[in-house]
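Q: Predicted model and sequence follow; I will ask about them next.
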Number of protein chains: 2
Amino acid sequence: MSDQSTFVAPGSEAELEEGAALTPKFDADGLVTCVATDSNTGDVLMVAHMNDEALAKTIATGEAWYFSRSRRALWKKGESSGHTQRVIEMRVDCDQDSVWIKVEQEVAACHTGRRSCFYRSVPLGKPGAVTLEFRDAKVFDPKSAYKNK
Amino acid sequence: MSDQSTFVAPGSEAELEEGAALTPKFDADGLVTCVATDSNTGDVLMVAHMNDEALAKTIATGEAWYFSRSRRALWKKGESSGHTQRVIEMRVDCDQDSVWIKVEQEVAACHTGRRSCFYRSVPLGKPGAVTLEFRDAKVFDPKSAYKNK
């Protein structure tokens, strides 16, 4: 599937910001940033990337698709683990280089076993080295979830 | 201020994911992605980037600092407009290349005048060209807010 022409190329700054056309501003690697939040709690579940095809598939299907920078491959969220994301709403930001999806997350978003990838808090205002504070317990065993991967 | 040694360099995948040390995985441009959400509503306000110094200043001061990729400059959120962000909590993700800050946002986060940069919704599951739907009205006049910039 050729995905070079799925979206119209970005126009002027005014068109990007005030226009009604979705004209994603993909970066040099052909990606936009995607933030997925939990539609029930509002928590940020993960930050990942979408290429042209992942964005188009997510819009068409209402299921989250991403592009893995490390594997250089299109990737349906949950294709190995079953931990899919049903998209309740998608938003695009002012300069159209980021999208925000509110999702119904099956089980958990993080491959480490936590509901969210953001399971550690960074203490603020303390001098010296930062010691992270774990906030979220594992809700699944990653060894089991990915055994067939 | 030299900021090359503020943080310890990332270790193994296991250390990044399960360790208690903040060892941010800056990209080739020296940046991590930062998602700012409204601490009251949970809405995503903006997605931006932090370099070593911006991240260190945010942690030290509890006010959001970013690094502008277009201007190649450190930037305190609200330094021109007064629309600062007080950080209520910071989280870091599994591979430590993204941070999530929950903030108390003064007035609005978006330079276009909206509370959030994500003021347009992308309709899902419709064939053909995507027409964005505006969701958020402007809460300030950007011409006035940045007149002294």
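A: Structure received. Numbers count the residues shown, from 1 in each chain, chains lettered A, B, ... in the order given.

Q: Next, count neighbours for A:His83.
A: Neighbourhood size, A:His83 [other CB atoms under 10 Å in any protein chain shown]: 18. All C-beta spots, glycine's among them, are computed from the backbone N, C-alpha and C.

Q: Over to A:Thr41?
A: Residues within reach of A:Thr41, counting by other CB under 10 Å, total 12.

Q: Show the backbone phi and psi for the closest residue to chain B within chain A.
A: Nearest residue of chain A to chain B, counting by CB to the nearest CB: A:Gly42, 2.5 Å away. Per-residue torsions, A:Gly42: phi 80, psi 0 (degrees, to the nearest 10).

Q: Okay, it and B:Thr58: tell me how far apart.
A: From A:Gly42 over to B:Thr58 the distance is 21 Å, taken as CB to CB, to the nearest Å.

Q: Compare these two and say which one has the larger neighbour count.
A: B:Thr58 (24 against 15).

Q: So that one belongs to a helix, correct?
A: Yes: note on B:Thr58: a helix contains this position according to DSSP: H, G, I helix; E, B strand; the rest coil.

Q: For the residue nearest to it when sequence neighbours are not counted, list each beta-bridge partner.
A: In this structure, B:Thr58 finds its nearest non-sequential neighbour in B:Trp65, 4.9 Å apart by CB to CB, 6 or more residues apart in numbering or on different chains. In this entry, B:Trp65 is beta-bridged to B:Lys76, by DSSP bridges.

Q: repeat for A:Thr33
A: Beta-bridge pairing of A:Thr33 under DSSP bridges involves A:His49, A:Ser98.

Q: burial count for it?
A: For A:Thr33, the count of nearby residues is 20 (other CB under 10 Å).

Q: Can you check the pLDDT for it?
A: Predicted confidence (pLDDT) for A:Thr33: 98.

Q: Am I right that it is in contact with A:His49?
A: Yes: between A:Thr33 and A:His49 a contact is recorded at 6.1 Å, counting by CB atoms under 8 Å.

Q: what about the helices in chain A?
A: For chain A, the helices defined by DSSP state H occupy A:13-18, A:52-61, A:142-145.

Q: need the least confident one among those helices, by mean pLDDT.
A: Mean pLDDT across these is lowest at helix A:142-145; the value there is a mean of 84.

Q: List the buried residues in that one.
A: A:142, A:145 (16 or more other CB atoms under 10 Å in any protein chain shown).

Q: same thing with stretch A:98-111?
A: A:98-103, A:105, A:108-111.

Q: cool, and stretch A:106-126?
A: Within stretch A:106-126, the residues scored as buried using 16+ other CB under 10 Å are A:108-122, A:124.

Q: what about stretch A:130-147 and chain B, touching?
A: Yes: applying CB under 8 Å from any CB of the partner chain, one finds stretch A:130-147 in contact with chain B at A:130-135.

Q: got the residues you listed as CSV, with pLDDT and neighbour count columns?
A: Listed next are the residues of stretch A:130-147 next to chain B as CSV, based on pLDDT from 0 to 100; neighbours: other CB atoms under 10 Å in any protein chain shown:
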residue, pLDDT, neighbour count
A:Val130, 89, 23
A:Thr131, 94, 13
A:Leu132, 97, 19
A:Glu133, 97, 12
A:Phe134, 97, 11
A:Arg135, 97, 13
